[in-house]
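here's my sequence, what's the structure:
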Amino acid sequence: MDYNWPNLLTWLRIVMIPLFVGIFYFEQTWVSHSAQNLIATVIFTVAAITDWLDGWLARRLNQTSAFGAFLDPVADKLMVAAALIILVQLGRIDAVVALIIIGREIAISALREWMASMGQGKSVAVSMVGKIKTAAQMIAIPMLLYHDPIGGFDPQYWGTWLIWAAALLTLISMGYYLRMAWVAARAQR
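Residues are numbered from 1 along each chain as shown. Down below sits the predicted model:
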């Protein structure tokens, strides 16, 4: 395993998951509901920033590694899945949204693994739709975690619209990846 800054940031994201989930299990006498929302939002946002930062550092410092390429998406998917499950538990999103997003992540990870085993890993590389989906999701989740109105801005309302848009884009990108994998698999026959 490579010990470098990008991988350490990825490990930090994984370590943040129990902190992120745990904040919602503190007694209301210890941490107010609003404080729980704020702390969870900050933890998730820091995790999202470290996701970007570890990739940037890996390229900038030429510290890319096979282990980092494996661990980074795992850390991302774990953090997003934890956030979606918490949001369902809090009643801030519908379980259907969480099932679509988490189910797609599992299916596409398996698809990428299968395609890589056939030497066709590049045929299911990240698409622009996937990047837009990720951006919508990474903006929506902190809004839904924060939940409390900010002046005239209602994060729950806008976060709900964005997370549904992310779910739709999730289905579209999954169709794209499945089509690309189908074409690559048929070409190998």
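
helices of this structure, residue ranges please.
Along the chain, counting by DSSP state H, helices occupy 5-22, 33-60, 66-89, 95-117, 128-146, 155-188.

what's the most buried one of the ones you listed?
helix 128-146 (a mean of 20; mean count of other CB atoms under 10 Å). For every residue, glycine as well, the C-beta is placed using N, CA and C.

what angle do it and helix 95-117 make?
140 degrees (axes from the mean of the first three to the mean of the last three CA atoms, to 10 degrees).

domain assignment for this protein?
1-90, 94-189 (automatic domain parsing).

can you redo these as JSON lines with mean pLDDT?
Shown next, in JSON lines, are the domains of the chain (pLDDT from 0 to 100):
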{"stretch": "domain 1-90", "mean pLDDT": "90"}
{"stretch": "domain 94-189", "mean pLDDT": "87"}
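
which residues touch the most centrally placed residue in the chain?
By CA atoms, centre = their mean, the chain has its centre lying nearest to residue 80, at 3.8 Å. Contacts for residue 80 (CB atoms under 8 Å, 6 or more residues apart in numbering) come out as 101, 102, 105, 137, 141.

just send those back as JSON lines, with distance to residue 177 too.
Below are the contacts of residue 80 laid out as JSON lines (distance: CB to CB, whole Å):
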{"residue": "101", "distance to residue 177": "14"}
{"residue": "102", "distance to residue 177": "16"}
{"residue": "105", "distance to residue 177": "11"}
{"residue": "137", "distance to residue 177": "16"}
{"residue": "141", "distance to residue 177": "22"}
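
now for these: which two are most distant?
Within the contacts of residue 80, 105 and 141 form the most distant pair, 13.6 Å apart (CB to CB).
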